[in-house]
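**Q** here you go, sequence then predicted model.
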Amino acid sequence: VEASAIASAPAFVDKRRNIGWTLGLWGTVTLGLLVSIFIVPGFPDCYRQGTVTSFKRITELSISALLMVGIVHISLRRSSFNRYIYQLIIASIAATIASELTFTLYPNPTDTADMIGHLLKISSYVFLYRAVLAYNLESPYTTLFQDLVRSREGLREARDELEDRVSERTADLAEANTRLNREIRERRQAERELRSSEERLRFITETIDDVFWMSTPNVSKMVYVSPGYDRLWGRPREELYEDAAPFLEAVHPEDRAHVAANPDGREAGARGMTYRIVRPDGSIRWIEDRRFPVNHPKNNKPLGLVGIASDITEVVALQDQIRRHSDELESQVAERTRLLSEANRKLLRDLEKRERAERLKTVLSEINTVLLSGGEPDEVMERVLKKAAEALGAETAAIAVRENDRWVARHLYGLPEERRGVTYTDQDAPHATTVLQHGKPLAIEDAFGDSRANVGIMKVNEIRSMLILPITLRGGWLGVIYFNYHSHKVAFCGDQIGFLDNLGTALSLSLETSRVLKNLRTELHERARVERELKWAQDKLAELVRRQQIELLDTKDSLAEETGQRKLAELALTQRQQALEAVYSMATTFGSDLENLFDQIALSIGDILEIPFVGIHEFRDGRVGTLSQVYQGTLLMEEAAKEGCAGCDIVRQVRGNYQYRGELRCRFPGLGCCSIHDFHAFIGVPILSTIGEVVGSICAMGFEERTFTEYETHLIEIFARYVGHEVSRRRLQEQLRQSQEMRLLGSLTSGVAHEVRNPLNAIMAIMEALFQEIGENPEYDPYLTHMKTQVNRLSTLMEELLTLGRPIRREQMREVRFAEVIRDSALASEQAQEEYHPIRVSIAPDIEDLVLMADRTKLEQVFVNLLHNAAQHSPVGAEITITAASDVTGAAAVTVTDSGSGIPEELLPRLFEPFYTTRKAGTGLGLSIVRHIVESHGGGVSIQNNVEGAGATARVWFPQAA
């Protein structure tokens, strides 16, 4: 039914249709066919298992054939359709044909071919919808106007045809009258349709703000102008129906010629013409006028113009503003470009100067290497002359030596070989004599006009500029070096003169060294001869002495053994007595301060063991501090003595006694007093606290290479236990004092925070009201922003004070996975960064499954604060590393390492003090809070500069049983 309707529809395009009768007939036929499927017996099957039937294929092919007939009929009547509608209808029928053919291919109802057929069917409906409904809704003006033109053309053709028939068939009046009546009725029907179309067009044009107009092809007469003309032009549109001239007269005089020369708008392009109009009140409005020619659908002759004029005054004003801003921006960019160009040129000059200085420095180093190579003197001087000339950019060079009051050219660069050996007088080379008299290099930039040079010889040799270097040895004249420039004059710089000074010094030293080496070789030959004679005499004497020593050694060994045993017994007795006296002295001075006690212990150990150096050191906050040091019986009080002993770290790592025999400055290079004194024996004993923690060490060093006996080691251990007891007692006192201070700080901060928060809240409320009162006034933005920043800073300070003063109770702690806390802290810190710093997390396998009793939120605050500090002191993009592993004491240690500028040594002791900061925006409480949280968990924290490379490292450790 659908295919038959499409095939026959073009025949009824120009005929009047009864919609009710058409729909009724369509529905009846469709319903009858549907019912016949169920009523007629033996209706053929369309589908069998795995394929479609022949009936199905024949039916689909028949439908496709009918649709092809429809395409042919529509193509023959294409002049009755809009071109776009015609294309959409053809596309819809083609999609339907493709879908019907696809339905003959599927093996089962769920196959892909069936799905493709239905998709093609849907696409055909979409094309049909666009042709019948959507296009008429989207482009009503064109459709209505074409209907209007088509109706008028039909009337004109009917009238012409009627006149022809009347003139040709006057005889058949009755028949002509009948036809005339029929045509009159058709004409009246067309006029009614025309009036209906005009009514719809008038309604649309009167409701829009834009001006819609229609005119003859040359705009000589207006056919229609919408009411928007009255509002936009400020003139009555009725005047345009009488004469179209006011339409052009309203155009601005500067734009009138352009509008008059382009009546159909073709030269303006798709966007139309843009011009100004002058309203009766003198105001000027910008108009965008899009014009479309309307042609006859059959002979394509121009019928008229359709135009839409829109007010774009505000758009033009905005474009002018954007253009002004763009001009200002281009001006600023040009100025910035000029400044950058000047800075770039200056930088290039500085870089060129620096590169020249570096190049001259490198060449000078190469020359020194050549001078020290020890080759043949003439070959060495030739190589030196070549390198120096190439570095200075000289085209030729020569070394002239002073012989018999004349100058002789000995070494050449870039000059003909026949010039070697040529002599000159002082009159020929006055500049050489001047250089030797002054003893410094001479630069002649214009050799043709400088009185210090022989201008005649300069012109003959075509030398435009020249550098001259004197060669002296122990105050005497040896000669000069010429560096010649022939092609152009040269403006010499300070780097080149400095290079000559250094070159002269190097040559003088090399010549002096050669002279000394020559004399030394002579002396060495003479000394070797004398030594050979002495060696022969010594061999004879040594043989005689050896025989006598063998006899004495036998007697000495037995005596030495007896004496050694006696000395050891006496030494043990003396040390035991001295130890008792020292213990008694410490017991009687118990009430004195610990510093004197530690000094007395160090002095006692040095006296008892008869060893020159004794040091007592304390391990605290990851650093090594000195409690007392004694050297040769004298207390070391200067700052250089306050650094830790070289072996302290080893004692702390092994957690036990450590001895070393040998040269300590080789074992511990650059550390402590090992680098100052020539020690060859070392012993270190750990100082243990009352809970077994290594809190320090006692180190002793001697000049002679020796091994400390078990008795001496035990003696030091006694003093170490006593020192450990005193250090533990002092730390407990400090912890008690800090606890009391924290309780006091907590009470104080709670009160202060309460008293400060209320005014802060009031200030914030007043500020918000002030923001709303002022509105968006950029003049006050800096002041309001500053006020808000300072109030927020005070609020942050109050929060940090409360955190610092609030104790962490044991009942707040829960079991937490230590590695998970570290990773979450790194992720949170990286997401909160203002400037990008990649964070690399490294966790040792023994920490992965570690579980601690802790306050998770507080631990995350510790690591986030440390990562934030590292990011603030690192350049943008620099990597920050956070590492977790067990240290030698078994504690869980976490280090945060950056590559920033580091921390000045004088500031390290004050880092954890409350309110101490070097940043203007900081509160100085971040590291104090970190220390408070860590110590509340039984751990410790320290910060040190990196030993290798830039930056600093923060170290936090927790007992794994925490």
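**A** Thanks, I have it. From a predicted model like this one, the values you see are computed outputs, not experimental measurements.

**Q** got the domain ranges for this protein?
**A** With domains defined by automatic domain parsing, the chain comprises 2-138, 183-319, 358-520, 589-807, 808-958.

**Q** so which of these gets nearest Glu161?
**A** domain 183-319 (8.0 Å; CB to CB). Every C-beta, even on glycine, is put in place using the N, C-alpha and C of the backbone.

**Q** endpoints of that closest one, how far apart?
**A** Taking CA to CA, to the nearest Å, domain 183-319 runs 58 Å from one end to the other.

**Q** start the count at 412 instead of 1 going forward.
**A** In the new numbering, first residue 412, that becomes domain 594-730.

**Q** which stretches in the stretch 662-811 of the chain count as strands?
**A** Assigned by DSSP state E, counting those that start in this stretch, the strands in the stretch 662-811 of the chain fall at 684-689, 695-706, 713-722, 807-814.

**Q** out of the domains of the chain, which comes closest to Asp571?
**A** domain 594-730 (11.4 Å).

**Q** any idea of the mean pLDDT in that closest one?
**A** Across domain 594-730, pLDDT averages out at 81.

**Q** how far does it sit from its chain's centre?
**A** Distance, stretch centre to chain centre, for domain 594-730: 58 Å (CA atoms, centre = their mean, to the nearest Å).

**Q** circling back: quick one: closest of the strands of the stretch 662-811 of the chain to Glu873.
**A** Distance to Glu873, taken as CB to CB, is lowest for strand 807-814 among the strands of the stretch 662-811 of the chain, at 10.0 Å.

**Q** got the buried residues for the closest one?
**A** Thr807, Ala808, Ala809, Ile810, Ala811, Arg813 (16 or more other CB atoms under 10 Å).

**Q** could you do stretch 688-708 as well?
**A** Neighbour-count burial for stretch 688-708 flags Ile688, Val689, Arg696, Trp697, Ile698, Glu699, Asp700, Arg701, Arg702, Val705, Pro708 (criterion: 16+ other CB under 10 Å).

**Q** quick check: end-to-end length of that stretch?
**A** 34 Å.

**Q** one more: stretch 781-788?
**A** One end of stretch 781-788 to the other measures 10 Å (CA to CA).

**Q** who touches that stretch?
**A** Applying CB atoms under 8 Å, 6 or more residues apart in numbering, the contact partners of stretch 781-788 are Val791, Arg794, Val795, Lys798, Ala917, Leu918, Leu920, Ser921, Ser925.

**Q** from those residues, which is closest to Val1305?
**A** For the contacts of stretch 781-788, the nearest to Val1305 is Ala917 (54.4 Å; CB to CB).

**Q** okay, that closest one: pLDDT?
**A** Reading off the model, Ala917 has pLDDT 76.

**Q** contacting residues around it?
**A** Residues near Ala917 by CB under 8 Å, 6+ apart: Leu775, Ile778, Asn779, Leu782.

**Q** by neighbour count, which of those wins?
**A** Using other CB atoms under 10 Å as the neighbour criterion, Ile778 leads the contacts of Ala917 with 23 neighbours.

**Q** relative to Phe910, how far out is it?
**A** 10 Å (CB to CB, to the nearest Å).

**Q** who touches both of the two?
**A** By CB under 8 Å, 6+ apart, Ile778 and Phe910 have these common neighbours: Ala799.

**Q** between all of the contacts of stretch 781-788, which two are separated the most?
**A** Using CB to CB, the two most remote members of those are Lys798 and Ser925, lying 18.5 Å apart.

**Q** who has more neighbours, these two?
**A** Using other CB under 10 Å, the more surrounded residue of Lys798 and Ser925 is Lys798, with 18 against 14.

**Q** and that one, what's its pLDDT?
**A** Per the predicted model, pLDDT is 84 at Lys798.

**Q** spit out the contact partners of it.
**A** By CB under 8 Å, 6+ apart, the neighbours of Lys798 are Val774, Glu777, Ile778, Val781.

**Q** just among those residues, which is most surrounded?
**A** Counting neighbours by other CB under 10 Å, Ile778 leads the contacts of Lys798 with 23 neighbours.

**Q** correct me, but that residue touches Val795?
**A** Yes - the pair Ile778 / Val795 is scored as a contact, 5.3 Å apart, by CB atoms under 8 Å.

**Q** now do the helices in the stretch 662-811 of the chain.
**A** For the stretch 662-811 of the chain, the helices defined by DSSP state H, counting those that start in this stretch cover 664-672, 724-782, 788-803.

**Q** looking at these, which is buried most?
**A** Highest mean neighbour count of these: helix 788-803, a mean of 18 (counted as mean count of other CB atoms under 10 Å).

**Q** so which of the helices of the stretch 662-811 of the chain gets nearest Asp1018?
**A** Nearest of the helices of the stretch 662-811 of the chain to Asp1018, taken as CB to CB: helix 724-782 at 54.2 Å.

**Q** run the angle between the closest one and helix 788-803 for me.
**A** Following axes from the mean of the first three to the mean of the last three CA atoms, to 10 degrees, one obtains 170 degrees for the angle between helix 724-782 and helix 788-803.

**Q** flag the shaky bits of the stretch 912-1061 of the chain, pLDDT-wise.
**A** 922-932, 959, 962-963, 965-1004, 1032-1034, 1048-1057 (pLDDT under 70).

**Q** one more time with 90
**A** Residue ranges of the stretch 912-1061 of the chain with pLDDT under 90: 912-1023, 1025-1061.

**Q** which strand or helix spans Glu873?
**A** Per DSSP states H and E: Glu873 is located in neither a helix nor a strand.

**Q** residues near it, how many?
**A** 12.

**Q** swap in Ile1016?
**A** 26.

**Q** what's the closest non-adjacent residue to it?
**A** Sequence neighbours aside, Val1025 is the residue nearest to Ile1016 in space, at 4.8 Å (criterion: CB to CB, 6 or more residues apart in numbering).

**Q** so that neighbour sits in a strand?
**A** Yes - assigned with DSSP: H, G, I helix; E, B strand; the rest coil, Val1025 falls within a strand.

**Q** can you tell me how far Ile1129 is from Ile1098?
**A** In terms of CB to CB, Ile1129 sits 12 Å off from Ile1098.

**Q** right, I mislabeled it, should have said Leu920
**A** With CB to CB as the criterion, Leu920 and Ile1098 are 55 Å apart.

**Q** same drill for the two, tell me which one is more crowded.
**A** Neighbour comparison, Leu920 and Ile1098: the larger count goes to Ile1098, with 27 against 14 (by other CB under 10 Å).

**Q** and that one, what element?
**A** Per DSSP H and E, Ile1098 falls inside strand 1092-1099.

**Q** ok, that strand: who's next to it in the sheet?
**A** If you go by DSSP bridges, strand 1092-1099 pairs up with strand 1069-1072 (antiparallel), strand 1105-1113 (antiparallel).

**Q** mean confidence score for the shortest one?
**A** I take that to be strand 1069-1072. For strand 1069-1072, mean pLDDT rounds to 88.

**Q** the last one too?
**A** Averaging the model's pLDDT scores along strand 1105-1113 yields 88.

**Q** off-centre distance for it?
**A** Worked out by CA atoms, centre = their mean, strand 1105-1113 lies 49 Å from the chain centre.
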